[in-house]
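**Q** dropping a prediction and its sequence here:
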Amino acid sequence: EAGVTQFPSHSVIEKGQTVTLRCDPISGHDNLYWYRRVMGKEIKFLLHFVKESKQDESGMPNNRFLAERTGGTYSTLKVQPAELEDSGVYFCASSPLAGVQGETQYFGPGTRLLVL
Amino acid sequence: GNSVTQMEGPVTLSEEAFLTINCTYTATGYPSLFWYVQYPGEGLQLLLKATKADDKGSNKGFEATYRKETTSFHLEKGSVQVSDSAVYFCALRGNNFNKFYFGSGTKLNVKP
């Protein structure tokens, strides 16, 4: 069974440009999460999809970030326009269930974003 | 609110040394606790977990015990190997059972 995949693995862009990150969850997982690790600090939650609906987007830093999950399969996270502080590693995770104590989330390898 | 604090790294050990990575948490209610590991070039992998007080999670020689009285979930291994070199993240999942709260990660370097 394929794991969570993310594309691209690395992205280097200039301030003001747009970048779109993609996440393909494990097949059949209704729950999809985005997280971010900035400057070697803690990994922080961005948002949670249940199928195509946004369940919780309390971690989205500002309106330059737009996440979509059309059709409830893969998800994209667009940053427009990118700023220097957006640099970091963006992780995607998926799980088959939500609201279950101890339920594991399966993480992708992350996308390393560098904004110059 | 929910938060996790773990010891800063890097931690450098010789092969076969004893490992402890400290993790403490703040949470309302009764969270589930996790350790994830990230090997070089790979994604986060679940290492072990515990869902209630006094539970012990274990995997690949690693252990951690959920201590409610000290709000801790320290990771231990009796004899580390070079292949254990990685970044270790402590995490909790709160009452809403959805999003995770992670610590800042501890990088472990094991030398032969």
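**A** Nice, thanks for sending it over.
**Q** what parts of chain B come near chain A?
**A** B:4, B:32, B:34, B:36, B:41-46, B:49, B:51, B:89, B:91, B:93, B:96-105 (Cβ under 8 Å from any Cβ of the partner chain). Bear in mind the C-beta positions are built from the backbone N, C-alpha and C, glycine included.
**Q** show me the contacts for residue B:12.
**A** Residue B:12 makes contacts with B:108, B:109, B:110, B:111, as judged by Cβ atoms under 8 Å, 6 or more residues apart in numbering or on different chains.
**Q** tell me the bridge partners for it.
**A** Under DSSP bridges, the beta-bridge partners of residue B:12 are residue B:109.
**Q** could you do residue B:48 as well?
**A** residue B:35.
**Q** I'd say it and residue B:62 touch.
**A** Yes - contact between residue B:48 and residue B:62 holds when scored by Cβ atoms under 8 Å: they sit 6.0 Å apart.
**Q** give me the common contacts of these two.
**A** Joint contacts of residue B:48 and residue B:62 (Cβ under 8 Å, 6+ apart) are residue B:35.
**Q** now do the helices in chain B.
**A** For chain B, helices defined by DSSP state H do not occur.
**Q** what's the burial count for the closest residue to residue B:30 other than its chain neighbours?
**A** Excluding its sequence neighbours, the residue lying closest to residue B:30 (Cβ to Cβ, 6 or more residues apart in numbering or on different chains) is residue B:52, at 6.7 Å. Neighbour count for residue B:52, taken as other Cβ atoms under 10 Å in any protein chain shown: 13.
**Q** mind listing what the residue nearest the centre of chain A touches?
**A** The structure's chain A has its C-alpha centroid closest to residue A:34; by Cα atoms, centre = their mean the separation is 3.0 Å. Residues near residue A:34 by Cβ under 8 Å, 6+ apart: A:23, A:45, A:46, A:47, A:67, A:75, A:77, A:90, A:91, A:92.
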